[in-house]
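Visitor: here is a sequence together with a model predicted from it:
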2 protein chains.
Amino acid sequence: MTYCVGLLLNDGMVLLSDTRTNAGLDNISTYRKMFTFEDPGERVIAIMTAGSLSVTQTTIARLREAVEDPESTEETSILKAPTLLKVADMVGNMLARVRGEIDEKLAVMEQGASASMIVAGQRRGGAMRLFLIYPEGNFIEATEDTPFLQIGEHKYGKPILDRVVKPSTSLADAQKAVLLSMDSTLRSNLSVGMPLDLAVIEKDALRVTQKRRIEAGDEQFRAMSEAWSKALRDGFVQINI
Amino acid sequence: MTYCVGLLLNDGMVLLSDTRTNAGLDNISTYRKMFTFEDPGERVIAIMTAGSLSVTQTTIARLREAVEDPESTEETSILKAPTLLKVADMVGNMLARVRGEIDEKLAVMEQGASASMIVAGQRRGGAMRLFLIYPEGNFIEATEDTPFLQIGEHKYGKPILDRVVKPSTSLADAQKAVLLSMDSTLRSNLSVGMPLDLAVIEKDALRVTQKRRIEAGDEQFRAMSEAWSKALRDGFVQINI
């Protein structure tokens, strides 16, 4: 499994993904699930992926191939698409196409493959936008009422987001919120694992303003995780019923 | 959906269930999901249910019918079974049989019905035992390492249990823990709803020592829920990353 979460806030977007991939419980590997595409000052796009690795890798590889193709057009390259809505559409179409191709191959085994994605981005002159792309290629968009989107193993980490994330949340608090949301998921579900990839895209920066890999032994993350456990236990002790 | 949780502690067992039942999103009702069977001083059994209402109601009704049958034997009545292990076995067999019957009826629609249960109990001279019964009738048992069992929508409420519940947890703290676990679930998932049924079975009491319905407007629950939200937000504010 996977856990990825994206926040759309007044000050920018904050993205966090884990890196655990497993084929069965006895075959666990580390794969990056966050991918960024930049034309600094013009456009920034980040994609996070969940689901069958063969689907997500092929989808990302084809999107990247199109971006790097010198003859790409606004119909083929997500860095040239006229709007972010069009980018979501292109990613959705590519995902659905790749899924279809792989499903066809797997049909002989009566199996199927599926994947979903979060797409975040901004182009010069446009608003920041955050989309969740479904395996079929359709998508939904984050709004003021629901300023976060999650894919993968999303339930364990939702209560903290429900409680603290609002569009006015600062980027510092937002990073804390997604890390704590991930921490709850890591503790309760083995199939989500370190290291983590964290990215911040500040409003109107039109580039990834911060990108950080948090390794398994990260002192800061461990301290935060322990402080949160302590805060929960202390809060628990103080409540009277 | 449903959320039920049972704790097996040194001092006793604590059980909590919601009451929301839905057939589709537009047909929501309230049904009790916690059922108790007592022969005070001799034996106490509590069952919580999740899944298809037609399966769980029929299963509980037949178990109760057998208990009330004056000619019941230790093979038919869960209040006469020689051990709690045998009780779990009987409940599992009844659940699997009822599920099979209903599945057969639904097969014409290419649908199926399923349900799972938590069984808690103690008989005179025996230990307290807590089981999770799967739809197929097999079961697992809570142990010192894993002193809680959940059925239904279990993920939202697991992080708090993972952090605070140990066999040595007091019955007062245990009630707080299951109520906060339920509170997280209620906030994040519409298909789990008030009122709640809470039961406490103290060790060696051989009866339900406390049984309480918590209604939607319950002041105490609301205050606890708000205090917990505040504790989480305060804890969140105090953490530095």
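Guide: Perfect, I can see it now.

Visitor: who's in contact with A:Thr73?
Guide: A:Thr73 makes contact with A:Lys80, according to C-beta atoms under 8 Å, 6 or more residues apart in numbering or on different chains. For the C-beta atoms, the positions are set from N, CA and C on the backbone; glycine is no exception.

Visitor: phi and psi next, for it.
Guide: With angles defined as degrees, to the nearest 10, A:Thr73 sits at phi -120, psi 180.

Visitor: what pLDDT does the model give it?
Guide: Among the per-residue scores, A:Thr73 shows a pLDDT of 95.

Visitor: ditto for A:Leu25
Guide: With respect to pLDDT, A:Leu25 has a value of 69.

Visitor: for chain A, which segments count as strands?
Guide: A:3-9, A:12-17, A:20-22, A:28-30, A:34-39, A:43-51, A:115-123, A:129-133, A:139-141, A:148-152, A:196-202, A:210-214 (DSSP state E).

Visitor: ok, now how distant is the nearest residue to A:Pro40 once chain neighbours are set aside from chain B?
Guide: Nearest in space to A:Pro40, with sequence neighbours left out and distances taken as C-beta to C-beta, 6 or more residues apart in numbering or on different chains, is A:Arg207 at 4.3 Å. According to C-beta to the nearest C-beta, to the nearest Å, A:Arg207 stands 22 Å off from chain B.

Visitor: you'd agree A:Arg207 is up against A:Glu38?
Guide: Yes. At 5.4 Å, A:Arg207 counts as touching A:Glu38 under the criterion of C-beta atoms under 8 Å.

Visitor: intersection of neighbour lists for these two?
Guide: Residues touching both A:Arg207 and A:Glu38 (C-beta under 8 Å, 6+ apart): A:Val44.

Visitor: stretch A:127-138: which residues count as buried?
Guide: By neighbour count on 16 or more other C-beta atoms under 10 Å in any protein chain shown, the buried set for stretch A:127-138 is A:128-135, A:137.

Visitor: which one of these is nearest to B:Glu104?
Guide: Of all the buried residues of stretch A:127-138, B:Glu104 sits closest to A:Pro135, with 33.0 Å by C-beta to C-beta.

Visitor: what's the nearest residue to the closest one if we skip its chain neighbours?
Guide: Excluding its sequence neighbours, the residue lying closest to A:Pro135 (C-beta to C-beta, 6+ apart) is A:Ser114, at 4.4 Å.

Visitor: need the contact list for the residue nearest in space to the middle of chain A.
Guide: Centroid-nearest residue in chain A: A:Met48, 3.6 Å away (criterion: C-alpha atoms, centre = their mean). Residues counted as contacts of A:Met48 (C-beta under 8 Å, 6+ apart) are A:4, A:6, A:15, A:17, A:33-35, A:117-118, A:120, A:151.

Visitor: residues in contact with the helix ranked longest in chain A?
Guide: Criterion DSSP state H: the longest helix present in chain A is helix A:84-106. Outside helix A:84-106, the residues that touch it by C-beta under 8 Å, 6+ apart are A:45, A:47, A:52, A:54-55, A:58-59, A:62-63, A:74, A:78, A:81, A:112-117, A:119, A:121-123, A:126-127, A:129, A:131, A:133-139, A:141.

Visitor: the spatially closest residue to A:Leu53 that is not a sequence neighbour: what's it in contact with?
Guide: Nearest residue to A:Leu53, sequence neighbours excluded (C-beta to C-beta, 6+ apart): A:Thr21, at 5.3 Å. Listed by C-beta under 8 Å, 6+ apart, the contact set of A:Thr21 reads A:2, A:28-31, A:53.

Visitor: quick one: which of these has the most company?
Guide: The most crowded member of those, judged by other C-beta atoms under 10 Å in any protein chain shown, is A:Thr2 (27 neighbours).

Visitor: just for chain A, where's the confidence low?
Guide: A:25 (pLDDT under 70).

Visitor: what does it have sitting close to chain B?
Guide: For chain A, the residues in contact with chain B (C-beta under 8 Å from any C-beta of the partner chain) are A:155-156, A:158-160, A:162-164, A:172-173, A:175-177, A:179-180, A:184, A:187-188, A:220, A:224, A:227-229, A:231-236, A:238-241.
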